[in-house]
Structures are given as structure tokens and as C-alpha cells.
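Asker: Just a sequence and a predicted model for now, questions to come.
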Amino acid sequence: MSDQNPIFIPGPTNIPDRLRLAMQVQTRDHRAPDFVETFAPVLEGTKKVFGTRDGRVITFPASGTGGWEAAVTNTLSPGDKVLVARYGMFSHRWIDLCQRQGLDVQVVDCAWGDGAPADQFESILSADTHHNIKAVLVAHNETATGVKSDIDAVRKAVDAASHPALMFVDCVSSLASMEFRMDEWGVDIAVSGSQKGFMLATGMAILGVSQKALAVMDSAKLPRTFFDFRDMMNANASGGFPYTPPLQLIYGMNESLNMLFEEGLDNVYARHFRLAEGVRRAISAWELSLVATSPELYSDTVSAIYVPDWFDSNALTDHAFNAYGVSFGIGLGQMNGKAFRIGHLGSLTDVMVLSGLATIEMAMADLEYPITLGSGVAAAQDYYRKSQGTALKTAA
């Protein structure tokens, strides 16, 4: 029975029964003429979620890390210089990937809890008069710290420097949960995955690729085979894959898009804000602090929460799992032992979030945290009641 408990990690997320059933399909011939009838609408529908008209959606059987690798190998050459800020575990891992690919990585180290430093990017790019920097890499939603960066501000910084660098954005834990405007923000490659906002199993890297990024493929010299954009696009043109596709995930993706569009993307984003704000009200009632340093940085998909100095956040998440069968996110990297994370994205409702808040409160009380049992739940309940009432009046 314990598998009925929702999880509160920032991905993989809870899979709705509707999507589980959609993925339970018998083996099909992915080279049959009718496969295109399923696959083509998935590619077209996903463009709406990315917020692009002119970009191409390209998928690979992989996680988001595979999407990172595809982004750099299809557009860059050995020794090319890229600009990246490190402000969490996932921006750090993208840096590591680029270094392993033989790229010249200029790293801007920021405090964990801050976002992408658009002003520093502008200064660095303005000083790069020979345009040696070929790409700027940004994590839209840093999952380790619960920080949302301002991608529009980064685009404006690149433009203010009159720099031609490509802009790549990791939106793995934000796409389909928080608004993303690929075309408006001038994003050249956006990298996401199936296992978070799309509410599916892990196994599909999903990329939005601009025409500008596609135009540099011929000059890019980093090796790629499995992750070759051109091979994938050529096969996709006739509704196929250059190798065996993740068929079950494609069927699941089709149904996921149906669910998102039925709810309405604006409503999806509003729901995630409401869920997140309820969690933030609970954290305040516990008198604990978010890792994110200011409200404009607060993520609507994951909250990273500092524990008091004399507690171990790993002991808390372990206890919540062992005692109550519920998973919360552990602290990653610099946050290890110092912070735990509450994921509030994907298939979640007010009631489900309240159950998670009640569970982590019990775990904190068991470990003698200085909180009042029920305080966070009550704060979230009060917010959900009032905001739900407003939403109902607006709908009426």
C-alpha cells in the first residue's frame, strides 16, 4: 500500500493513472506508416509548451543530461569557449559535461541561493570583443536550491553586449510547470525531459532548438552519433526514428499534452504557483528559511529549505521515508546535510501538498525540531482556502 503515497521530490514526479495507462501499450512497429500519426502531433504540441513557433522539437531516448550533451555537441567545436554561472548542483554538472567535451569553460561562481548573474554576463560579453564566447549556458530552474533565474534578463544582457553567442537553457524542472517563452526570450536551445512537468517516466530528453542553433550544425566539430540532430530530424521528417524510439513514452507524451492543454497552460502555471506559495507559507510558519535568497528567485516547482544548524537534513528525509513512507528531496552538493527539498510540481493538488506538509511536520516533530506541530499545515490551508475561493469567483 505504501506506493499510494505521493512523492515530494523535484522529479521524477507522480505519474497520473491516465498517463500510466497511456504508456501501457503493446509493442508497435515504429517504422509502420501509422506511427507518424502519433509522433508528429507530439512534436508539434510540445512546441506550444516551449513557447516557440519557429523552433524545432527534437527528442532522444535519454534523461536531461543527454539533452545537455546533444545541445553542445551539435553546435560547438573542441576548444570553443562557453560562459556558464555555477549556482547549484545542476549548473555545476553542465559545467562538468562541457569540460569533459574539451570546451573552454568560463565559470562565474555565485552563491548557492542566487540566480544567473545577468549583469556579470553583460560585462563579460561586452569585453569579449573578438566574440570568442560561442554560447551562454543557463539553468532556468536550479533544482538543488529552488532558484528560478530570469532568462529574459540574460537575453537582454546578451543583446546589450551586442554579442552573437548562442543561449542554451536547462528547463528540465520548469517546463510544463512554469511559463517558458523560448521565442520571446531568444533561447537557442532549451533542454527538458519527460519525468517532471510532463509527469511521465524518465527516458526522453526533449529539446527546443532555434533556427539559429540549427544553422551552426554544419560547422560544429564535436563528435556525436546517438545525439545527432540532423539524423533525428531527417528520420522525424517521415515520422520515424534513426534507431528504436521510446515508444511507450511517446504515447505517454501525447496524452500528457492532452492533459496540459485540457487544463490550459496558464492554469497549469497558476496551479504550480498556488501549490508553491502554500509550501512557502508553511516554511515561514515553521520559522525556517528558503535557500533562495529573494522572492523573485523562488521556484514554483521546488523549495529548498535550510534546517537549523544543529540538525542533519539527511536524517530528516531518511526518517520521513522510513517512518511514513514518503520521499522528500535530499540536499545536493553544498546543501548536503544542510537543506531538504519539497518538490511541488507535476501531478499534485492542494490536498496532496497538505499531506506532504503534514508528513514532514511529523518527521520534524519526531526529531525534536523547534516547530509547532500543525503550524505549517494551517498556514498552507489558510492560503489554499482563500486563493481557491478567489479562483472560483474569477471562473464564475
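Answerer: Everything's here; your move. Because the structure is predicted, anything quoted here is derived from the model rather than measured.
Asker: CA only for contacts and neighbour counts going forward, please
Answerer: Fine.
Asker: Going by secondary structure, the closest residue to Ala320 other than its chain neighbours is in what exactly?
Answerer: What sits nearest to Ala320 in space, not counting adjacent residues and going by CA to CA, 6 or more residues apart in numbering, is Ala363, at 5.4 Å. For Ala363, the enclosing helix or strand under DSSP states H and E is helix 350-366.
Asker: who's in contact with the residue lying closest to Asn141 once chain neighbours are set aside?
Answerer: In this structure, Asn141 finds its nearest non-sequential neighbour in Lys148, 4.5 Å apart by CA to CA, 6+ apart. Contacts for Lys148 (CA atoms under 8 Å, 6 or more residues apart in numbering) come out as Gly115, His140, Asn141, Glu142, Glu296, Leu297, Tyr298, Ser299.
Asker: would you turn those residues into TSV with neighbour count?
Answerer: TSV is the format used below for those (neighbours: other CA atoms under 10 Å):
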residue	neighbour count
Gly115	30
His140	26
Asn141	32
Glu142	30
Glu296	12
Leu297	19
Tyr298	27
Ser299	28
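Asker: which residues of this structure score low on pLDDT?
Answerer: 1-2, 389-396 (pLDDT under 70).
Asker: Let me see the ranges of the helices in it.
Answerer: Remark: helices assigned in the chain by DSSP state H are 17-23, 35-50, 64-73, 89-100, 118-127, 151-160, 211-215, 229-236, 247-263, 265-285, 313-324, 350-366, 375-395.
Asker: number of nearby residues for Ala285?
Answerer: Per other CA atoms under 10 Å, the neighbour tally for Ala285 reads 18.
Asker: What does His30 show for phi and psi?
Answerer: Recorded main-chain torsions at His30 are phi -80, psi 0, according to degrees, to the nearest 10.
Asker: residues in contact with it?
Answerer: When contacts are counted by CA under 8 Å, 6+ apart, His30 touches Gly240, Phe241, Thr244, Pro245, Leu247.
Asker: same thing but 7 Å
Answerer: Shown in contact with His30 (CA atoms under 7 Å, 6 or more residues apart in numbering): Gly240.
Asker: so how far is Asp231 from it?
Answerer: Counting by CA to CA, to the nearest Å, the gap from His30 to Asp231 is 16 Å.
Asker: re earlier: count the residues that sit near the residue nearest to Ala320.
Answerer: Residues near Ala363, counting by other CA under 10 Å: 23.
Asker: List the residues that contact it.
Answerer: Leu316, His319, Ala320.
Asker: In this structure the last one contacts Ala358, no?
Answerer: No. Assessed by CA atoms under 7 Å, Ala320 is found out of contact with Ala358, at 10.7 Å.
Asker: More neighbours: the two, which one.
Answerer: More crowded of Ala320 and Ala358, by other CA under 10 Å: Ala320, with 22 against 19.
Asker: separation between the more buried one and Ser327?
Answerer: The value you get for Ala320 to Ser327, if CA to CA is used, is 7 Å.
Asker: Met233 now?
Answerer: Met233 sits 38 Å away from Ser327 when distances are taken as CA to CA.
Asker: Between the two, which has more neighbouring residues?
Answerer: Using other CA under 10 Å as the criterion, Met233 and Ser327 rank with Ser327 on top: 23 against 18.
Asker: these two touch, right, that one and Phe8?
Answerer: Yes. Here Ser327 reaches Phe8: they are 5.8 Å apart, a contact under CA under 7 Å.
Asker: quick revisit: of all the contacts of Lys148, which two lie farthest apart?
Answerer: Across the contacts of Lys148, the longest distance by CA to CA is 13.6 Å; it joins Glu142 and Glu296.
Asker: quick one on the thing from earlier: tilt between the helix holding Ala363 and helix 265-285?
Answerer: 20 degrees (axes from the mean of the first three to the mean of the last three CA atoms, to 10 degrees).
Asker: still on that earlier bit, deepest-packed of the helices of the chain, please.
Answerer: Most buried of the helices of the chain, by mean neighbour count (mean count of other CA atoms under 10 Å): helix 64-73, with a mean of 23.
Asker: which strands and helices sit next to it?
Answerer: With contacts taken as 3 or more CA pairs under 7 Å, 6 or more residues apart in numbering; DSSP states H and E, helix 64-73 sits against strand 189-193, strand 205-209.
Asker: if we go to 6 Å?
Answerer: strand 189-193 (3 or more CA pairs under 6 Å, 6 or more residues apart in numbering; DSSP states H and E).
Asker: can you pull the alpha-carbon coordinates of the strand it packs on into CSV?
Answerer: What follows is strand 189-193, C-alpha atoms only, in CSV (Å, rounded to 0.1, in the frame of the first residue of the first chain):
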residue,chain,number,x,y,z
ILE,A,189,18.3,25.5,-27.3
ALA,A,190,16.0,24.6,-24.4
VAL,A,191,16.6,21.3,-22.7
SER,A,192,13.9,19.4,-20.8
GLY,A,193,12.8,15.8,-20.0
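Asker: With that, I have no additional questions.
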